[in-house]
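Undergrad: My questions concern the predicted model and sequence given below.
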Protein chains: 4
Amino acid sequence: MSASVYTYLGPEGTFTEAALRSLPEAATRELIPMVSVPTTLDAVRSGAAAAALVPIENSVEGGVTITLDELATGEPLMIYREVLLPIAFALLVRPGTQLADVKTVTGHPVSQPQVRKWLAANLPDALWESAASNGDGARLVQEGRYDAAFAGEFAAATYGLEPLVSAIHDAENATTRFVLVGRPARPAVRTGADKTSVAIWLGDDHPGALLELLQEFAARGVNLVRIESRPTGQGIGRYFFSVDLEGHITDRRVASALMGLKRICPNVRFLGSYPRAGFEPTGMSPLRSGTSDEDFAVAEEWLARCQDGRA
Amino acid sequence: MSASVYTYLGPEGTFTEAALRSLPEAATRELIPMVSVPTTLDAVRSGAAAAALVPIENSVEGGVTITLDELATGEPLMIYREVLLPIAFALLVRPGTQLADVKTVTGHPVSQPQVRKWLAANLPDALWESAASNGDGARLVQEGRYDAAFAGEFAAATYGLEPLVSAIHDAENATTRFVLVGRPARPAVRTGADKTSVAIWLGDDHPGALLELLQEFAARGVNLVRIESRPTGQGIGRYFFSVDLEGHITDRRVASALMGLKRICPNVRFLGSYPRAGFEPTGMSPLRSGTSDEDFAVAEEWLARCQDGRA
Amino acid sequence: MSASVYTYLGPEGTFTEAALRSLPEAATRELIPMVSVPTTLDAVRSGAAAAALVPIENSVEGGVTITLDELATGEPLMIYREVLLPIAFALLVRPGTQLADVKTVTGHPVSQPQVRKWLAANLPDALWESAASNGDGARLVQEGRYDAAFAGEFAAATYGLEPLVSAIHDAENATTRFVLVGRPARPAVRTGADKTSVAIWLGDDHPGALLELLQEFAARGVNLVRIESRPTGQGIGRYFFSVDLEGHITDRRVASALMGLKRICPNVRFLGSYPRAGFEPTGMSPLRSGTSDEDFAVAEEWLARCQDGRA
Amino acid sequence: MSASVYTYLGPEGTFTEAALRSLPEAATRELIPMVSVPTTLDAVRSGAAAAALVPIENSVEGGVTITLDELATGEPLMIYREVLLPIAFALLVRPGTQLADVKTVTGHPVSQPQVRKWLAANLPDALWESAASNGDGARLVQEGRYDAAFAGEFAAATYGLEPLVSAIHDAENATTRFVLVGRPARPAVRTGADKTSVAIWLGDDHPGALLELLQEFAARGVNLVRIESRPTGQGIGRYFFSVDLEGHITDRRVASALMGLKRICPNVRFLGSYPRAGFEPTGMSPLRSGTSDEDFAVAEEWLARCQDGRA
């Protein structure tokens, strides 16, 4: 139990482990695979781990709903980093298996839509059954329960398998986004190319509620990077929104938009500000006129002069 | 030159004088009529007067453009009070004149539209010529240049005339609004039923610029009481906006909206926050949810906690 | 009484007459000056004239309120043409008068703000009194009542005066816009560089009503050229809006916006579509993507296919 | 191959079958279970089946992404009906199994979040492995691979199991929504309590694109019932929106909003108008003023009069 432990969504040999090992500090941490997103995160909540890496979004399948929901509604955690990992699958088999021998295939349910077309073209008659994870699927092939598993090629060695086909991905640019979360504390330092994540509940179901939410961002020129509706669990038609936006909570336009949301929404949960993976400050959207920190400071100073009779 | 002098748009016997005398402090000031709105205001700018009362809006004719333009573009002044005065005209004549004798009538150009229907019905053949003011019109009748003048009944005595017809007004509820202006200083104290006046220039002529301006108010639930476009004098199609809104510059929602405008517009001139004439705090529009001072304070405190990692 | 008569706001020698004479068809019409905007327009309403030319907007003074109000609330008329006339004043005097001799000056009240700075610089002690029109002011100088009148230089000959100073205008690019109105009929033919005028009443005074009005235009990419609030005459704070927009009522985006307004507003009066003075089709704002007539036709055809099950 | 065949997402014994059997016409159709959402829908596309029932949304887990994506991006189909089914699970076991004997449990991955809390409270040490469906999980229990399966109680008989615990659901009001889809044809008849489904792609990633989309609905008073972002598969940050709205495509306000979207978005796919399950016309949101069919007709007729000069 300590700052030296990082948990991740296991088992070994998944893309999540590969993503975690791409972080420099991973080399000096004890990396512990967990069986589910909730248990991975609970280890951080309990203090057993300093941080946890979990998948949050996939460019083919969309949001990883269990992660979105845990961060939005579970005991509070905060995002400090994100990692983008290009996703390509290998078809792992026991040594000696030929493509014609493959009658049953397995893999994580999220993987299936990413290899659907490949399966239809190359193994149209193979039966798919889901496994708890890609790593688990590989293990089940090792045990002989299935003929082949979709997983990252790096998982082959762990399970004594070999890649029969590599670089399988239905969609070009398939990417999974992972987040490194910890207990709530001061956000990551502003870099100039940052993202901020929030979960937002609308007060009532009046038609314009989502429009008003978006206008709080638009009014300050804050760009949305991602917005997903998630059911609150209180019945069909009741949602909260999981939102990523450009900028850091210490940027004045972001702070102003978040305060605006806080005023009009019954619940807003701040989920962290952190460096935007793959972006330099120079690659961010240009600021809309009037929304720089300096513009905010000038306006505040002007207001103070007006209020004091010095305008 | 002193705090004891108030100027007003003269001459004596106009509605402006009547409005000024309705203010309690007028009893202890020296009230000096001036020949035009600019000279009335210049007396304040130069320090010759402590304050000036000028008409700014009429419920029949609309804004008094010279006042709107002087406040928006002249050397800065600030509004500290407003006065509403119901307007009804008397037809003033030299003693002995009968209605059938009236061939020529005069009055201020702004008065004409307010008696147009009465004239058409009662003196369809009378010739109208404008005078520099209603008081001036009365003087011209006294001098014999015209047969009758429209003016406030209170002006009859000043000019040795008598009211031939009273309570003339084409429109029910005809009202003129006057403002008491002084040199820029700390705004009038907040009462809970206040108005704030601003002049706003749009940055460029893109189609949505006015929409964006209005959204800064709407986003904070700030109600507009009046909005008027005025030419900037730089050619057909170039405008600034003269705006009155509900609330005081120290109300958080008003302050926030003004700062928003200041950021997106090239020029915003604050023209004062002052008690709204004829309104009690209980008569104001109800605040939109999330826009009270406390809502702003709660949101600000929440943001600080998020930024510090204490959320 | 016939199609050969055009009325205009007189008297002779005003800018309105000059504007009217700039229209080619004026050469073949009998041009009759009238004493006021209402009488000028009433001649058309009664059938005594085929059309009338009246000023509607001045780049220094703003809207000509009597014209705006007559068109919006009087017996219906429609605009078929607009004329832009650059405005420069001459100081007209009786032959022999020197600048030093000028103690009193006159002119139309609307002219005064346009020469205010010139007066302050060149005749700081001269007394201004308003005349019913610039032409009337010239006549009063001819009669000896005033020393000088501001009017168009073309008026000098009519009244036996001479221009002491020419090309007086406080503002660069001072321009007055005039409209040629007739009885309601089919609008002027679409040219591709058109304007449409409407008067719009808001249903109630809820804060967002003006915002909703503007969004009907914004949603179809219709650019506003002018918007003016005018009192309805029903008390301080009650307004209608006089609006000019780019495009012709047969343009699909304009038609769609007008129908949207008609649905949400209690009253909308169509005041005409007519060629935009001084603009070629190539000089208009570029259409926003998705708002061309073809875009509307494509969308309508798609909808019909969806409704019929042919999509 | 005929109009008498309906496919559904199998296997037998799932909630989907129960939902399908709730439709009156199911009694006279041959109901064929399929192994996946794509194969269920492909049977309709190929003409082998007249219609297919598939789950589309769950009040706990959110949208069924494979269904959303198939309808939005696969060969076109259309929704003609929706079915709401309250979801409660039974824990199915082989006869004689006690709760203490349950070491392994299975079920569809979508079921897991709906029983997570129950599992944590009642079987904290049981190992979960996902099955391809709830019916499949029951079969695997029958075969002895797992000790217990979460499924609908109605599935017990099919697989020779018995319900050890009934009415398990973490969330109150857990409901799944199913849609009956067929090949594109004329939409279902308008009932007055209808829904319309569309998939919408935004043209580019400019910050306000989603706002503009929502404003097309807001401008016509069209209420959104559901909005979900789905990745387009073209990389992190590229989305389309799956939207359900109140009203029928033949309602004028809906037709107008859809045409508006069609104009501003590069792609809009109409997915059907159909009766809203569980709603009477009287239970729908009240129409916003100005958005009834009659309001549209009045506005259109007014526009025609204006264009013809008969206004």
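TA: Yep, that arrived. It should be emphasised that the depicted structure is a prediction, and the values quoted were computed from it without experimental measurement.
Undergrad: A:Leu140 - that's part of a strand, no?
TA: No - secondary structure of A:Leu140 (DSSP: H, G, I helix; E, B strand; the rest coil): helix, not part of a strand.
Undergrad: which bits of the stretch 101-250 of chain A sit near chain B?
TA: Residues of the stretch 101-250 of chain A lying near chain B by Cβ under 8 Å from any Cβ of the partner chain: A:184-187, A:203, A:215-216, A:219, A:249-250. Just so you know, the C-beta spots here come from the backbone N, C-alpha and C atoms, and that holds for glycine as well.
Undergrad: now, among those residues, which is nearest to C:Asp293?
TA: Nearest to C:Asp293 among these is A:Gln215, at 30.5 Å by Cβ to Cβ.
Undergrad: May I ask you to confirm that that closest one is in contact with B:Leu214?
TA: No - using Cβ atoms under 8 Å, A:Gln215 makes no contact with B:Leu214, being 11.8 Å away.
Undergrad: okay, now the spatially closest residue to A:Arg81 that is not a sequence neighbour: neighbour count?
TA: Counting by Cβ to Cβ, 6 or more residues apart in numbering or on different chains, A:Arg81 lies nearest to A:Leu180, which is 3.9 Å off, once chain neighbours are set aside. Using other Cβ atoms under 10 Å in any protein chain shown, the number of residues around A:Leu180 comes to 26.
Undergrad: show me what contacts A:Leu180?
TA: A:6, A:20, A:23, A:51-53, A:79-83 (Cβ atoms under 8 Å, 6 or more residues apart in numbering or on different chains).
Undergrad: Buried by neighbour count: which residues of the host helix or strand of it qualify?
TA: Element membership of A:Leu180 [criterion: DSSP states H and E] is strand A:175-182. Judged by neighbour count using 16 or more other Cβ atoms under 10 Å in any protein chain shown, the buried positions of strand A:175-182 are A:175-182.
Undergrad: and of those residues, the nearest to C:Leu41?
TA: Looking across the buried residues of strand A:175-182 and measuring by Cβ to Cβ, the closest to C:Leu41 is A:Arg177, at 67.5 Å.
Undergrad: just checking, that closest one touches A:Glu82?
TA: Yes - the pair A:Arg177 and A:Glu82 qualifies as a contact (Cβ under 8 Å) at a distance of 6.0 Å.
Undergrad: what sits in contact with each of the two?
TA: Counting by Cβ under 8 Å, 6+ apart, the residues touching both A:Arg177 and A:Glu82 are A:56, A:277.
Undergrad: List of residues touching the longest helix along chain A?
TA: Using DSSP state H to define each element, chain A has its longest helix at helix A:293-308. For helix A:293-308, contacts defined as Cβ under 8 Å, 6+ apart pick out A:251-253, A:256, A:289, A:311, B:186-187, B:249-250, B:255, B:258-260, B:262-263, B:268, B:270.
Undergrad: Now do the same for the residue nearest the centre of chain A: its pLDDT.
TA: Centroid-nearest residue in chain A: A:Ile56, 2.3 Å away (criterion: Cα atoms, centre = their mean). Here, the pLDDT recorded for A:Ile56 equals 96.
Undergrad: The strand holding A:Leu180: how far from the chain's middle?
TA: Centroid separation for strand A:175-182 versus its chain: 4 Å, with Cα atoms, centre = their mean, to the nearest Å.
Undergrad: what residue ranges in the stretch 151-300 of chain A are flagged as low confidence?
TA: Applying pLDDT under 70 to the stretch 151-300 of chain A flags the ranges A:204-207.
Undergrad: Now do the helices in it.
TA: Using DSSP state H, counting those that start in this stretch, the helices assigned to the stretch 151-300 of chain A run over residues A:209-218, A:252-264, A:293-308.
Undergrad: Mind exporting the C-alpha coordinates of the last one to CSV?
TA: The reference is to helix A:293-308. Presented in CSV, the C-alpha positions along helix A:293-308 are these (Å, rounded to 0.1, in the frame of the first residue of the first chain):
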residue,chain,number,x,y,z
ASP,A,293,-6.9,35.5,-19.5
GLU,A,294,-5.8,39.1,-20.3
ASP,A,295,-9.2,39.9,-21.8
PHE,A,296,-10.8,38.7,-18.5
ALA,A,297,-8.4,40.7,-16.4
VAL,A,298,-9.0,43.9,-18.4
ALA,A,299,-12.8,43.5,-18.1
GLU,A,300,-12.5,42.9,-14.4
GLU,A,301,-10.4,45.9,-13.9
TRP,A,302,-12.8,48.0,-15.9
LEU,A,303,-15.7,46.8,-13.8
ALA,A,304,-13.9,47.7,-10.6
ARG,A,305,-13.3,51.2,-11.9
CYS,A,306,-17.0,51.6,-12.9
GLN,A,307,-18.1,50.4,-9.5
ASP,A,308,-15.7,52.8,-7.8
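Undergrad: List the buried residues in it.
TA: Quick answer for helix A:293-308 (16+ other Cβ under 10 Å): A:295-296, A:299, A:302-303, A:306-307.
Undergrad: what inclination does the helix or strand harbouring A:Thr39 have with respect to strand A:175-182?
TA: Following DSSP H and E, one finds A:Thr39 within helix A:37-45. On the basis of axes from the mean of the first three to the mean of the last three Cα atoms, to 10 degrees, helix A:37-45 is oriented at 30 degrees to strand A:175-182.
Undergrad: Flag the shaky bits of the stretch 1-150 of chain A, pLDDT-wise.
TA: Scanning the stretch 1-150 of chain A for pLDDT under 70 picks out A:1-2.
Undergrad: about what we covered before: if any of the contacts of A:Leu180 are buried, put those into a ChimeraX selection.
TA: Buried residues within the contacts of A:Leu180, by 16+ other Cβ under 10 Å, are selected in ChimeraX with:
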select /A:6,20,23,51,52,53,79,80,81,82,83
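Undergrad: quick check, nearest of the contacts of A:Leu180 to chain B?
TA: Within the contacts of A:Leu180, proximity to chain B (Cβ to the nearest Cβ) peaks at A:Tyr80, which comes in at 10.8 Å.
Undergrad: who's in contact with the residue lying closest to A:Asp101 once chain neighbours are set aside?
TA: Spatial nearest neighbour of A:Asp101, chain neighbours left out: A:Asp147 (6.2 Å); criterion: Cβ to Cβ, 6+ apart. Residues in contact with A:Asp147 (Cβ under 8 Å, 6+ apart) are A:93, A:97, A:101-105, A:126, A:141.
Undergrad: is it possible to export those to JSON lines including neighbour count and secondary structure?
TA: Shown next, in JSON lines, are the contacts of A:Asp147 (neighbours: other Cβ atoms under 10 Å in any protein chain shown; DSSP: H, G, I helix; E, B strand; the rest coil):
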{"residue": "A:Val93", "neighbour count": "24", "secondary structure": "strand"}
{"residue": "A:Thr97", "neighbour count": "17", "secondary structure": "coil"}
{"residue": "A:Asp101", "neighbour count": "12", "secondary structure": "helix"}
{"residue": "A:Val102", "neighbour count": "20", "secondary structure": "coil"}
{"residue": "A:Lys103", "neighbour count": "12", "secondary structure": "coil"}
{"residue": "A:Thr104", "neighbour count": "16", "secondary structure": "strand"}
{"residue": "A:Val105", "neighbour count": "24", "secondary structure": "strand"}
{"residue": "A:Ala126", "neighbour count": "16", "secondary structure": "coil"}
{"residue": "A:Val141", "neighbour count": "27", "secondary structure": "helix"}
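Undergrad: what's the closest of those to chain C?
TA: For the contacts of A:Asp147, the closest approach to chain C (Cβ to the nearest Cβ) belongs to A:Ala126, at 35.5 Å.
Undergrad: Tally up the residues packed near the spatially closest residue to A:Leu99 that is not a sequence neighbour, please.
TA: Nearest non-adjacent residue to A:Leu99, counting by Cβ to Cβ, 6+ apart: A:Leu164, 6.4 Å away. By other Cβ under 10 Å, the residues close to A:Leu164 number 19.
Undergrad: go on, the one 10 residues further on?
TA: Other residues near A:Ala174 number 24, with proximity taken as other Cβ under 10 Å.
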